[in-house]
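Participant: Build me a model from this:
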Amino acid sequence: MIKRKHNGKNHNDLPIQGVALYTASMSIFPAVTPAPQPRTKESAYISIFYAVLLVIMAVTQLFTFEEVLVLFGSLGLPGGLATGYGLAATVVAAEVFAVPFLLRMSLSPAFRWFSLLCGLFVGVAWLFIASWIVLSGAPVQTVGFVGTLIDTIPGWWAVLVSVAILMLAIWSAWGMWPSAKKHKK
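Facilitator: This next block holds a predicted model:
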């Protein structure tokens, strides 16, 4: 220990300044809490299915990410390439960050809410993207659900698939809601 004087007193029991800062900063991080029980068995199964779907989508989009950027850049979104590139990166990142909530991992309460919102954002974003392609007539060969690995032809069916993705997100959020007090088994 380093001997220090503070206000004319010896404080031989105080730790070194760097260790004190490290210890103080560790106390501000939130504690990890276990996930609450799902409301129903079906909502737990739906959440796992949605998590698997998001992992498949994220992996295929990341595998072909350079082509995904070109795809999103050619959508003709307001703001041009910057909006397309930002949307592509945000959607893929949200797909990844939604998985911990859906798999009921032990998380801090703040990250559990963030993960829930990422899952909902993915559904809304894909509904927007599919609707934009259909309504604006964007000259693209694929919607991009699985990157450019498999061509998913744009059309109203893609909007219906996006609605189904959004319904999975809403059902998962309802069934795994972080602040629910009582759950049925």
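
Participant: C-terminal to the longest helix seen in the chain, what's the next element?
Facilitator: Counting residues, the longest helix found in the chain (DSSP state H) is helix 109-136. Proceeding N to C from helix 109-136, the next assigned helix or strand is strand 145-148, under DSSP states H and E.

Participant: now for that next one, which elements pack on it?
Facilitator: helix 41-63, helix 65-73 (3 or more CB pairs under 8 Å, 6 or more residues apart in numbering; DSSP states H and E). In this view, the C-beta of every residue, glycine as well, is placed from N, C-alpha and C.

Participant: Just give me how far the first one sits from the chain centre.
Facilitator: Helix 41-63 has its C-alpha centroid displaced from the chain centroid by 11 Å (CA atoms, centre = their mean, to the nearest Å).

Participant: Are there helices or strands packed against it, and which ones?
Facilitator: helix 81-102, helix 109-136, strand 145-148, helix 156-175.

Participant: buried set for it?
Facilitator: By 16 or more other CB atoms under 10 Å, the buried positions in helix 41-63 come out as 43-44, 46-47, 50-51, 53-55, 57-58, 60-61.

Participant: Likewise for stretch 69-78?
Facilitator: Here stretch 69-78 shows 70-73, 75, 77 as buried, counting by 16+ other CB under 10 Å.

Participant: contacts for it?
Facilitator: 80-81, 83-85, 87-88, 129, 132-133, 136, 138-140, 142, 144, 148 (CB atoms under 8 Å, 6 or more residues apart in numbering).

Participant: Likewise for stretch 82-97?
Facilitator: 54-55, 57-58, 61-62, 65, 68-69, 71-75, 77, 114-115, 118-119, 121-122, 125-126, 129.
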